[in-house]
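K.L.:
Provided below are the primary sequence and the corresponding predicted coordinates.
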Amino acid sequence: MRSIAFLMCFLSLMLAHPALAEDDDDDAAPPAGLLAGPNKSELPEVILSVGEPLGGPWALKSGHYYEVKITADGSGEIGLSGADFFRAIWVDEVVIKGLEVRPMGLHSIEFDRAGTMEIGFVAVKPGHYSLAIPGSSGAEQRLEITID
């Protein structure tokens with residue numbers, strides 16, 4: 001009971017503090033944080049198609065939030081692997097047909113047929129990485145990524 005009374009007293013003091021009052025100024029700074037609008041960027045869509053280039057390169061900033069759509073055209077069973085890259089990012093969500101998955105991490109992704117997924121992530125660990133189509137050896141079958 002004491003902890004609830006203390007919490008209510010603490011909250012009322014915090015809300016009454018003038019520094020915490022709402023600012024009606026139109027020039028107020030935008031919201032801060034990893035998921036705030038100014039910190040989000042949309043990357044170019046990655047198209048997975050047998051024998052076609054992946055695109056890129058990507059130049060990412062550590063601490064910045066990114067969203068990327070990955071679309072397979074159905075020309076074959078195709079995927080992307082890049083364990084080092086997936087360990088260098090924090091995956092916020094993977095969206096497939098409106099279903100949101102919030103995994104602890106990824107190792108690779110694969111499409112058995114045509115479809116699109118969207119991945120939202122925060123770049124964390126600076127370095128040079130790549131995503132590649134497993135079993136391919138061509139330079140265009142690789143998406144080069146740099147996190148600064």
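P.N.:
Arrived safely, thanks for sending.
K.L.:
what's the next secondary structure element after the helix or strand of the chain with the lowest mean pLDDT?
P.N.:
Least confident helix or strand of the chain, by mean pLDDT, DSSP states H and E, is helix 2-16 with a mean of 51. Per DSSP states H and E, the first helix or strand lying C-terminal to helix 2-16 is strand 40-42.
K.L.:
by contact count, what packs against that following strand?
P.N.:
strand 65-72 (3 or more Cβ pairs under 8 Å, 6 or more residues apart in numbering; DSSP states H and E). (Glycine included, C-beta is placed from N, CA and C.)
K.L.:
what sits against the most centrally placed residue in the chain?
P.N.:
For the chain, the residue sitting closest to the mean C-alpha position, by Cα atoms, centre = their mean, is residue 121 at 1.5 Å. Applying Cβ atoms under 8 Å, 6 or more residues apart in numbering, one finds that residue 121 lies in contact with 65-66, 89-92.
K.L.:
who wins for most neighbours among those?
P.N.:
Neighbour counts for these (other Cβ atoms under 10 Å) peak at residue 89, which has 22 neighbours.
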